[in-house]
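Asks: coordinates for the following, if possible.
(one chain, ligands or ions: 1)
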Amino acid sequence: MAVDSAISSPLGPPACEKDEKALRFIEEMTRNADAVQERVLADILTQNSRTEYLTRFKLNGAADRESFKSKLPVITYEDLQPEIQRIANGDRSAILSAHPISEFLTSSGTSAGERKLMPTIKQELDRRQLLYSLLMPVMNLYVSGLDKGKGLYFLFVKSETRTPGGLLACPVLTSYYKSEHFKTRPYDPYNVYTSPNEAILCPDSFQSMYTQMLCGLRGRHEVLRVGAVFASGLLRAIRFLQLNWKQLSVDIETGDLNPKITDPSLRECMAKVLKPNPELARFVRQECSKESWEGIITRIWPNTKYLDVIVTGAMAQYIPTLDYYSGGLPKACTMYASSECYFGLNLNPMCKPSEVSYTIMPNMAYFEFMPHDHEPNSSGFTRDSSPKLVDLVDVEVGKEYELVITTYAGLCRYRVGDILRVTGFHNSAPQFHFVRRKNVLLSIDSDKTDEAELQKAVENASQVLREFNTSVVEYTSYADTKTIPGHYVIYWELLVKDAANSPSDDALKQCCLAMEESLNSVYRQGRVADNSIGPLEIRVVKNGTFEELMDYAISRGASINQYKVPRCVNFTPIVELLDSRLVSAHFSPGLPHWNPERRR
Ligand code: AMP
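Replies: Residues are numbered from 1 along each chain as shown. Coordinates of the predicted model:
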């Protein structure tokens with residue numbers, strides 16, 4: 001029941017007292033965005049005043065915006081590499097942060113082929129927790145009765161490593177799920193998951209997914225929302241069900257857990273909940289054996305009110321498939337976050353995906369915005385070489401910016417690489433549409449492949465063709481997400497100099513694998529450990545196809561002088577043109593090399 005309207009929040013009447021507090025906090029932060037930002041910057045600079053980094057730039061204890069902006073450079077991850085390497089190697093002195101670095105968070109963004117390592121400090125967990133605690137109070141404004149059931153969320157931990165100096169390195173969500181904040185969270189009727197902690201925390205992805213699915217099927221009538229972090233993760237769960245429903249039904253029927261689940265704590269926990277239920281097993285078999293899986297989510301979980309998955313940015317490519325499996329259920333994108341920092345939340349989570357805007361919470365870090373002019377100037381470069389950075393409350397509606405952050409953990413004026421467009425304001429806090437991540441050409445899951453990486457991969461793979469006296473004349477790529485998991489498709493036009501010795505199918509398969517070996521570690525982890533990316537495919541197209549591609553672009557207004565072969569295509573007529581000129585298709589025959597240890 002909604003609390004007294006006398007304490008109703010401007011966002012709407014809160015569902016309970018706890019929500020009222022959270023909504024009031026959002027109001028306070030967004031009303032006083034500039035003052036909060038000023039305080040956050042002063043806190044960070046004071047806290048870190050004696051660090052090596054701030055000392056180097058002679059801040060001399062100053063904590064005001066002007067000194068900060070005039071003395072500290074805007075940087076990228078590459079600029080911080082030496083400091084990060086020292087921390088990773090065990091240097092415990094106050095290099096970036098006065099507080100000890102508690103661990104590294106491994107970003108899905110890469111540097112030289114390996115995940116970026118983001119230093120973090122203990123108190124950041126509280127800040128992340130705080131942002132999480134705001135999500136349900138906002139959702140409760142739009143969807144009622146979420147305390148009457150559970151959420152089926154597919155959540156996973158990934159492998160951890162230790163740096164040479166002994167610090168733990170793992171993805172931010174793994175760090176969060178393993179923290180006491182998550183494991184011993186107090187009971188909240190609005191936030192009950194079907195998945196037990198043991199299933200979420202099981203490091204084996206098959207066992208984890210299997211038991212989470214089993215629990216979701218068992219409690220199918222209680223499930224009010226179905227989610228994963230990203231859309232690709234939820235689709236992977238659907239694919240998992242397609243591949244495993246027969247065995248899952250056996251477990252449900254007999255009450256005996258699949259012997260492939262070997263994790264002792266998981267077996268113990270499942271033994272307590274798994275009871276024979278032949279009727280449910282019959283239902284699962286009946287639904288899953290139907291030829292069409294259209295609407296499977298609402299058929300199996302009929303009380304689902306919405307899907308809780310991020311479908312903004314690169315994940316927008318999955319919207320049609322999610323709609324197919326869910327019968328068009330609303331898709332709530334609730335938050336915007338990264339390993340470096342959690343940024344903000346969507347105050348209108350039930351809106352259409354194309355209208356999603358995230359409100360950056362001014363208490364999370366100090367935020368600046370680098371104007372991003374995406375129109376190339378006459379020399380072909382974008383005009384953002386030395387622009388003036390704008391403060392959070394000063395951004396302008398309709399303009400695009402690159403996000404720059406200064407965090408409590410010690411990142412100073414750090415370019416995140418995300419391009420955001422201002423759509424409006426909530427009080428004095430701006431709201432942003434996520435436009436794209438800079439320099440990302442291909443993405444299936446959390447992998448991000450840029451143009452240079454693709455170029456290098458093509459170069460390495462084309463070595464295989466040498467013995468056939470063949471070279472790659474042109475190439476482009478496409479993220480094929482029609483299958484689950486999706487996969488990279490690389491179109492090649494070849495110059496075969498000796499027709500009697502043209503490359504064999506086997507050689508082209510080896511080219512696929514050679515490309516995969518050359519791609520970054522997040523891609524290779526997706527292939528090997530997470531099974532979130534399918535085998536890379538090379539499609540050889542007829543000679544002259546890329547000339548046709550150019551003709552097509554010119555017919556649509558491109559300039560002949562400035563035409564460049566697009567290294568990634570997603571416009572349907574272009575993909576269709578390429579496919580209509582197909583000579584042969586070849587898939588990677590094996591898995592590339594990957595292990596949790598970094599290569600360097
Ligand atoms: P990571 O550092 O691996 O945690 O990745 C963080 C990046 O994921 C962000 O910088 C964004 O590029 C992307 N991301 C996170 N949340 C969203 C969102 N809600 N919508 C679109 N992209 C997102």
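
Asks: so where do the strands sit in the stretch 401-550 of the chain?
Replies: Secondary structure of the stretch 401-550 of the chain (DSSP state E, counting those that start in this stretch): strands located at 414-426, 429-437, 470-480, 487-496, 537-541.

Asks: which helix or strand contains residue 576?
Replies: helix 572-580 (DSSP states H and E).

Asks: quick one: buried residues of that helix?
Replies: For helix 572-580, the buried set under the neighbour-count rule, 16 or more other CB atoms under 10 Å, comprises 574-575, 577-578. Every residue, glycine included, has its C-beta placed from N, CA and C.

Asks: contact partners for residue 275?
Replies: Contacts of residue 275 were listed using CB atoms under 8 Å, 6 or more residues apart in numbering, and they are residue 255.

Asks: let's verify it: helix, strand, or coil?
Replies: coil (DSSP: H, G, I helix; E, B strand; the rest coil).

Asks: about what we covered before: nearest to residue 349, out of the buried residues of helix 572-580: which one, please.
Replies: residue 575 (32.3 Å; CB to CB).

Asks: that closest one and residue 213: what is the separation?
Replies: Going from residue 575 to residue 213 by CB to CB, to the nearest Å gives 33 Å.

Asks: again with residue 481
Replies: Taking CB to CB, one finds residue 481 at 22 Å from residue 213.

Asks: cool, residue 91 as well?
Replies: 44 Å.

Asks: more neighbours: which of those two?
Replies: Using other CB atoms under 10 Å as the criterion, residue 91 and residue 213 rank with residue 213 on top: 22 against 14.

Asks: quick one: contacts for the residue nearest the centre of the chain?
Replies: Centroid-nearest residue in the chain: residue 446, 4.7 Å away (criterion: CA atoms, centre = their mean). Going by CB under 8 Å, 6+ apart, residue 446 touches 108, 230, 232, 522, 526, 532.

Asks: what of residue 423?
Replies: Counted by CB under 8 Å, 6+ apart, residue 423 has contacts 357, 397, 431-433.

Asks: residue 281 too?
Replies: 249-250, 252-253.

Asks: what residues of the helix or strand containing it count as buried?
Replies: Element membership for residue 281, per DSSP H and E: helix 278-288. Judged by neighbour count using 16+ other CB under 10 Å, the buried positions of helix 278-288 are 280-281, 283-285, 288.

Asks: just those residues now: which is nearest residue 551?
Replies: residue 288 (47.3 Å).

Asks: what does the pLDDT read for the closest one?
Replies: At residue 288, the model reports a pLDDT of 98.

Asks: that one - nearest residue in space that isn't next to it in sequence?
Replies: residue 245 (3.9 Å; CB to CB, 6 or more residues apart in numbering).

Asks: that neighbour: neighbour count?
Replies: Neighbour count of residue 245, defined by other CB under 10 Å: 20.

Asks: does the helix or strand encompassing it come close to the ligand?
Replies: In the assignment (DSSP H and E), residue 245 maps to helix 231-254. No - applying CB under 6 Å from any ligand atom, one finds helix 231-254 separated from the ligand by no less than 10.1 Å.

Asks: quick one: mean pLDDT for that helix?
Replies: Averaged across helix 231-254, pLDDT comes to 97.

Asks: so that helix versus helix 278-288, what angle?
Replies: Taking axes from the mean of the first three to the mean of the last three CA atoms, to 10 degrees, one finds that helix 231-254 is oriented at 140 degrees with respect to helix 278-288.

Asks: that older thread, tabulate the buried residues of helix 572-580 (TSV), appending distance to the ligand and pLDDT.
Replies: Converted to TSV, these look like this (distance: CB to the nearest ligand atom, whole Å; pLDDT from 0 to 100):
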residue	distance to the ligand	pLDDT
574	25	95
575	23	96
577	30	96
578	28	97
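
Asks: quickly check those for the two that are furthest apart.
Replies: Spanning the widest gap among these are 575 and 577, at 7.3 Å by CB to CB.

Asks: returning to that earlier point: tabulate the buried residues of helix 278-288 (a markdown table), appending distance to the ligand.
Replies: Formatted as a markdown table, the buried residues of helix 278-288 follow (distance: CB to the nearest ligand atom, whole Å):
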| residue | distance to the ligand |
| --- | --- |
| 280 | 35 |
| 281 | 37 |
| 283 | 35 |
| 284 | 32 |
| 285 | 37 |
| 288 | 31 |
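
Asks: which non-adjacent residue is nearest residue 314?
Replies: Residue 314 sits nearest to residue 443 (CB to CB, 6+ apart), 4.0 Å away.
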